[in-house]
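Engineer: Got a predicted structure plus its sequence, pasted below:
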Amino acid sequence: MHLTKYKNPERQKLSEKILLQLADSVDFGCTYRFEKEFGFSGKIFRNMIGANKNNLKDSIAELRRSKFIEKKEGYKGSVIISLTEKGMLRALGLRFKALHDKKENWDGNWRMVAFDIPEEYRKGRNALRYRVRMAGFFELQKSLFLFPYDCEKEIKDLIKLFKLEKYVRFALVGFIDNQEKLKTVFGLE
């Protein structure tokens, strides 16, 4: 699941920024070009992720070798970069990892993820269960997890990737009877 180990931790962080930026863009990909005509210019994309031209080029090459992104020639010399399924899964993993370290003022609501996913979708079920555990969700029951902070986008993107929309429910819950225990678990108040 990890990118190839870089000798340079800065290059690792840059590759992760590229994946996250692509995951947040329309259609899980974007177009960049060095001439400003359509899409992003190379300079705008570099500024968005804080990279110089050579580092961006090297990181994109590494992401291609790792099969996290696809790079194609587009119209009038533009370069189209898009995430592969493996790249989207990696970007989601980074997002869920960031949820684990999320510290903000709690709004008093619990985010509940409940699922009943058939065996034929085991890969997606396992990916969902793994990611919510990695993010630090509290497992209330085998397929029922709670989390105090906003995570709706991450959950929706993951269930969309695995086509699990009809098997997973996401709810905002204002009260749960063992709430004091949960507050302690999450270090709230």
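Structural biologist: Done, it's in.
Engineer: number of nearby residues for the closest residue to Val173 other than its chain neighbours?
Structural biologist: Excluding the flanking residues, the one nearest Val173 by Cβ to Cβ, 6 or more residues apart in numbering is Trp110, at 4.3 Å. Placement of C-beta: from N, CA and C, glycine included. Trp110: 22 surrounding residues under other Cβ atoms under 10 Å.
Engineer: My read is that Val132 contacts Arg111, right?
Structural biologist: No. Applying Cβ atoms under 8 Å, one finds Val132 not in contact with Arg111, separated by 10.0 Å.
Engineer: Mind checking which of those two has more residues around it?
Structural biologist: A count of neighbours by other Cβ under 10 Å puts Val132 above the other of Val132 and Arg111, at 23 against 19.
Engineer: per-domain residue ranges of the protein.
Structural biologist: 9-87, 102-186 (automatic domain parsing).
Engineer: burial measure for Arg169, as a count.
Structural biologist: Burial of Arg169 is recorded as 14 neighbouring residues (other Cβ under 10 Å).
Engineer: can I assume it sits in a helix?
Structural biologist: No. Secondary structure of Arg169 (DSSP: H, G, I helix; E, B strand; the rest coil): strand, not part of a helix.
Engineer: Contacts only, for Arg95.
Structural biologist: For Arg95, the contacting residues are Leu20, Ala23, Lys153, Glu154, Asp157, by Cβ atoms under 8 Å, 6 or more residues apart in numbering.
Engineer: switch to 10 Å and redo it
Structural biologist: Leu19, Leu20, Ala23, Asp24, Arg131, Ala135, Cys151, Lys153, Glu154, Asp157, Leu158 (Cβ atoms under 10 Å, 6 or more residues apart in numbering).
Engineer: cool, and Asp58?
Structural biologist: Tyr6, Asn8, Arg11, Leu14, Ser15, Ala51, Asn52.
Engineer: Let's see the ChimeraX selection covering just the buried ones among those residues.
Structural biologist: ChimeraX command restricting those to the buried ones, with burial defined by 16 or more other Cβ atoms under 10 Å:
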select :11,14,15,51
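Engineer: Go through the contacts of Asp58 and name the one nearest Lys166.
Structural biologist: Distance to Lys166, by Cβ to Cβ, is smallest for Ser15 among the contacts of Asp58, at 34.0 Å.
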